[in-house]
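# Build me a model:
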Amino acid sequence: MSKIATLTLQQWGNSLAVRIPSAVAKSARFKVGQPVEVSAQDSNVLIKPIGEPLLTLVQKLAVFDPGRHGGEAMAATRAGNEVS
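Residues are numbered from 1 along each chain as shown. As a prediction, this is how the structure comes out:
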């Protein structure tokens, strides 16, 4: 079921902005951090998702597995052109 909201455009820097109400965002299946494409045709504006939400640093660290990706990555001694 589609949701409809009547909103007012606001100034945001040199741009115009509206907030998408949560009911509309849920209906469109939008998620925080999700990349979207905004296009205009005549007097209509279309916002559509173009991918999955990007993870924040906190979210990336929460799923980081030191057993799989951990360990020392730097050599302990000089190597290559560093050796005199």
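
# outside of stretch 31-40, which residues touch it?
Residues outside stretch 31-40 that contact it (Cβ atoms under 8 Å, 6 or more residues apart in numbering) are 30, 45-56. All C-beta atoms are positioned from the backbone trio N, CA, C, and that covers glycine.

# Among those, name the buried ones.
For the contacts of stretch 31-40, a burial check counting by 16 or more other Cβ atoms under 10 Å picks out residue 30.

# residue contacts, residue 30?
Counting by Cβ under 8 Å, 6+ apart, the residues that residue 30 touches are 20, 36, 49.

# host element of it?
For residue 30, there is no host helix or strand (DSSP states H and E).

# ok, so what distance separates it from residue 37?
12 Å (Cβ to Cβ, to the nearest Å).

# so can I have JSON lines of the contacts of residue 30 showing secondary structure?
What follows is the contacts of residue 30, written out as JSON lines (DSSP: H, G, I helix; E, B strand; the rest coil):
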{"residue": "20", "secondary structure": "coil"}
{"residue": "36", "secondary structure": "strand"}
{"residue": "49", "secondary structure": "strand"}
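
# Tell me the one of these nearest residue 67?
Minimum distance to residue 67 across the contacts of residue 30 is 33.7 Å, recorded for residue 49 (Cβ to Cβ).

# Report the spatially closest residue to residue 16, excluding sequence-adjacent ones.
residue 9 (4.7 Å; Cβ to Cβ, 6 or more residues apart in numbering).

# The spatially most central residue of the chain in helix, strand or coil?
Nearest to the mean C-alpha position of the chain, counting by Cα atoms, centre = their mean, stands residue 33 at 3.1 Å. Three-state call for residue 33 (three-state DSSP): coil.

# Counting neighbours, show which residues of the helix or strand where residue 59 lies come out buried.
Here residue 59, judged by DSSP H and E, is contained in helix 57-63. Residues of helix 57-63 classed as buried by neighbour count (16+ other Cβ under 10 Å): none.

# How about residues contacting that helix?
The contact list for helix 57-63, computed with Cβ under 8 Å, 6+ apart, reads residue 55.

# taking the mean pLDDT, what do you get for it?
Average pLDDT, helix 57-63: 85.
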